[in-house]
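# Just the structure for this:
(chains A and B)
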Amino acid sequence: GQNIDQPTEMTATEGAIVQINCTYQTSGFNGLFWYQQHAGEAPTFLSYNVLDGLEEKGRFSSFLSRSKGYSYLLLKELQMKDSASYLCATETDSWGKLQFGAGTQVVVTP
Amino acid sequence: KAGVTQTPRYLIKTRGQQVTLSCSPISGHRSVSWYQQTPGQGLQFLFEYFSETQRNKGNFPGRFSGRQFSNSRSEMNVSTLELGDSALYLCASSLAAGGDLSYEQYFGPGTRLTVT
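Predicted coordinates:
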């Protein structure tokens, strides 16, 4: 079966750092994606982790531990425009199918 | 390079009708996946097409169907619409080739379907 858990909402102030955790139980796990979705818009690709470790892309970093079924997305130097839903999604040995978590709504306050 | 495009962007239908949604992938992308997004269920996988063949299907009733054309454009059809079909329908394209599983998916803007 497939189960993905992430917090529902997180609030942080501008300039701060926020870490969004994602735990998963997925058979045939292949990799893990993070997407950002602003209200009323389509998800946009942020990162993709296949191997254990940290991937850094500017203000965003993503970490994966396959043995623990755990990932996190780290957002640094938060900006108001980072207020959005962040979706964790697992990729399995199943063509073209991503299994999404419910999303974490990040609210950035001044 | 143009992104994934979907038409129409908004659609209002009544129960019992059918609807066809269209998706044009990024140039060079041959894999197209479809998802349904609702507030209650989140993003759920409908099906995936590659080279005009459906390779994978999610847990949706047979009223949901799709196809892919030789130019990789894809359509999905929902027949006998129900109120619960109201959702944002997203398509995503990727470079995934025949035997490859690991490619990022790029989403289109979606079609917002409202069933009354």
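# Can you report phi and psi for B:Lys57?
phi -140, psi 140 (degrees, to the nearest 10).
# OK, contacts around the closest residue to chain B within chain A?
Closest contact between chain A and chain B, by Cβ to the nearest Cβ, is at A:Gly96 (2.8 Å). C-betas here are computed from N, CA, C, even on glycine. The contact partners of A:Gly96, taken as Cβ atoms under 8 Å, 6 or more residues apart in numbering or on different chains, are B:Ser31, B:Val32, B:Ser33, B:Phe45, B:Glu48, B:Tyr49, B:Phe50, B:Arg55, B:Asn56, B:Ser94, B:Ala96, B:Gln105.
# so the spatially closest residue to B:Tyr35 that is not a sequence neighbour is in which element?
In space, and not counting its chain neighbours, B:Tyr35 is closest to B:Leu90: 4.6 Å by Cβ to Cβ, 6 or more residues apart in numbering or on different chains. Assigned by DSSP states H and E, B:Leu90 falls within strand B:87-94.
# Check which helices and strands that strand sits against.
strand B:5-7, strand B:19-24, strand B:31-38, strand B:74-78, strand B:106-107, strand B:111-115 (3 or more Cβ pairs under 8 Å, 6 or more residues apart in numbering or on different chains; DSSP states H and E).
# Quick check: bridge partners of the residue in chain B positioned nearest to chain A?
When scored by Cβ to the nearest Cβ, chain B has B:Glu48 as its residue closest to chain A, at 2.8 Å. Under DSSP bridges, the beta-bridge partners of B:Glu48 are B:Ser33, B:Asn56.
# So it sits against B:Pro25, correct?
No: contact criterion Cβ atoms under 8 Å: B:Glu48 and B:Pro25 do not qualify, at 11.7 Å.
# joint contacts of the two?
By Cβ under 8 Å, 6+ apart, the residues touching both B:Glu48 and B:Pro25 are B:Ser31, B:Val32.
# where does chain B have low pLDDT?
B:1, B:97-102 (pLDDT under 70).
# Pick out the residue closest to the middle of it.
B:Trp34 (3.0 Å; Cα atoms, centre = their mean).
# Excluding sequence neighbours, find me the nearest residue to it.
That would be B:Leu46: by Cβ to Cβ, 6+ apart, it lies 4.1 Å from B:Trp34.
# and that neighbour, how many neighbours?
Number of residues near B:Leu46 (other Cβ atoms under 10 Å in any protein chain shown) recorded here: 22.
# and it, what element?
strand B:42-50.
# So the residue nearest to B:Trp34 is in contact with B:Gly66, correct?
Yes: between B:Leu46 and B:Gly66 there is a contact at 7.3 Å, judged by Cβ under 8 Å.
# Overlap in contacts, those two.
B:Trp34, B:Met76.
# which one of the helices and strands packed on strand B:87-94 has the most crowded surroundings?
Comparing the helices and strands packed on strand B:87-94 by mean neighbour count (mean count of other Cβ atoms under 10 Å in any protein chain shown), strand B:31-38 comes out on top with a mean of 24.
# For chain B, what lies in contact range of chain A?
Neighbours of chain A within chain B, by Cβ under 8 Å from any Cβ of the partner chain: B:31-33, B:35, B:42-45, B:48-50, B:55-56, B:58, B:90, B:92, B:94, B:96, B:101-102, B:104-110.
# buried subset of these?
B:31-33, B:35, B:42-45, B:48-50, B:55-56, B:58, B:90, B:92, B:94, B:96, B:101, B:104-110 (16 or more other Cβ atoms under 10 Å in any protein chain shown).
# Alright, that wraps it up for me.
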